[in-house]
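In: Pasted the sequence and its predicted model underneath.
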Amino acid sequence: MIHCHSHLGIKEMARPSNKAAHAVPPHTLTRLAREWLAEDTPNFDLAGVSVGSQEVEAWLLCKTPRSILAGSPFFTAVFAEVGCRVDWIHQEGAEIGQDSVTLTAVVRGPARCLLLGERPALNCLARASGIATRSSLLQSTATARGWPGEVAGTRKTTPGFRLVEKYAMLVGGVSMHRQDLSGMVMLKDNHVWASGSITQAVKAARSVSGFSSKIEVECRSEEEGREAAAAGADIVMLDNFRPRELHVAACALKKEFPTLLIEASGGVTPENLATYFSPHVNIISLGCITQGCPVVDFSLKVQKG
């Protein structure tokens, strides 16, 4: 059964209103849409000859119940580039209901143009909605347990698609963490080994990062965390700690360095996330927000006139 909210009132449907949608500049949406379309159709669209340019209507159907809708600004931008318009039934960030198939939007435009935009738009929406759905689930776990810290993504994103994936985290309600190498200084084990010590690495990074960038250090023990904090690190990542060891180390470091932010990372999954919650842990980051994350199943069906 297709679930439809007042299909006859398409003109009255709200546009995407999730605050995250306002963070993406219009020119970025345009640039990405053009790049995706150029990748998918680099020269001739031979199949387009069979459908022509008559005006058609297509229904966007969601076939994964209880999903968070994310990526509608990108979806709309793709179709705008090929001269089609999108009317959304569900708003960005909304949870799509329990029905097996839910009418989510209606796309109208010339047939061959609509089919040009179909696959790039669907791919983006499916991936973004999958990440937002997982993010929402993780954040709900934290909220239910009363943990006040931040669940965060990582830089383990798809090359060329990071902006969409980080955006989807925002829609799902978790932190993006740093967006790229320029966003914050993170000194990992290889930085430390190459520089000689944690103290030397922090000192060198501080000499160029200035007041506007935090410095985070990946640490494998409580002792390394103490060295990083003493050297002036703003954030200590306790990496690959078992939950019990994490809680002991985080408590000790917070007592000695009350303003220090402590992040837990490594080995965290949706299933064991709650075991890492602690009043002494400020951030928990998970690579699985983007790596191995299921997509939401969407399809676009042209309606017969």
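Out: Sure, I can see it.

In: Kindly state the beta-bridge partners for the residue nearest to residue 118 when sequence neighbours are not counted.
Out: Nearest non-adjacent residue to residue 118, counting by Cβ to Cβ, 6 or more residues apart in numbering: residue 300, 5.2 Å away. (Each C-beta comes from the backbone N, C-alpha and C, glycine too.) Note on residue 300: beta-bridge partners by DSSP bridges are residue 60.

In: mind listing what residue 300 touches?
Out: By Cβ atoms under 8 Å, 6 or more residues apart in numbering, residue 300 lies in contact with 58-61, 107, 118, 121-122.

In: Repeat the analysis, applying 10 Å as the threshold.
Out: 58-61, 75, 79, 104-105, 107, 114-115, 117-119, 121-122, 125 (Cβ atoms under 10 Å, 6 or more residues apart in numbering).

In: ok, now residue 222?
Out: 236, 238, 241, 245-246, 248-253.

In: By neighbour count, sort out the buried ones in these.
Out: 236, 238, 241, 246, 249-250, 253 (16 or more other Cβ atoms under 10 Å).

In: Among the residues you listed, which ones are in strands?
Out: 236, 238 (DSSP state E).

In: Would you format the buried ones among the contacts of residue 222 as CSV with distance to residue 186 included?
Out: Listed next are the buried ones among the contacts of residue 222 as CSV, based on distance: Cβ to Cβ, whole Å:
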residue, distance to residue 186
236, 11
238, 14
241, 17
246, 19
249, 19
250, 18
253, 18
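
In: Just put the buried ones among the contacts of residue 222 in TSV and tack on distance to residue 145 and pLDDT.
Out: Below are those laid out as TSV (distance: Cβ to Cβ, whole Å; pLDDT from 0 to 100):
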residue	distance to residue 145	pLDDT
236	23	98
238	19	98
241	19	97
246	16	97
249	20	98
250	16	98
253	22	98
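
In: one step back: give me the buried entries from the contacts of residue 300.
Out: Applying 16+ other Cβ under 10 Å to the contacts of residue 300 flags 58-61, 75, 79, 104-105, 107, 114-115, 117-118, 121-122, 125 as buried.

In: In strands, which of those fall?
Out: 58-61, 104-105, 107.

In: Contact partners for the residue nearest to residue 209 when sequence neighbours are not counted?
Out: Residue nearest to residue 209 in three dimensions, not counting chain neighbours: residue 185, with 5.1 Å by Cβ to Cβ, 6+ apart. Contacts here follow Cβ under 10 Å, 6+ apart; on that basis residue 185 touches 178, 191, 201-202, 204-206, 208-209, 213-217, 233-235.

In: make it 6 Å
Out: Going by Cβ atoms under 6 Å, 6 or more residues apart in numbering, residue 185 touches 205, 209, 213, 215.

In: what's the closest of those to residue 84?
Out: residue 213 (42.1 Å; Cβ to Cβ).

In: That closest one in helix, strand or coil?
Out: With DSSP: H, G, I helix; E, B strand; the rest coil as the basis, residue 213 sits in coil.

In: For residue 273, see how far away it is.
Out: If you measure residue 213 against residue 273 using Cβ to Cβ, to the nearest Å, the figure is 28 Å.

In: Which one of the two is surrounded by more residues?
Out: Applying other Cβ atoms under 10 Å to residue 213 and residue 273 shows that residue 273 carries more neighbours, namely 20 against 16.
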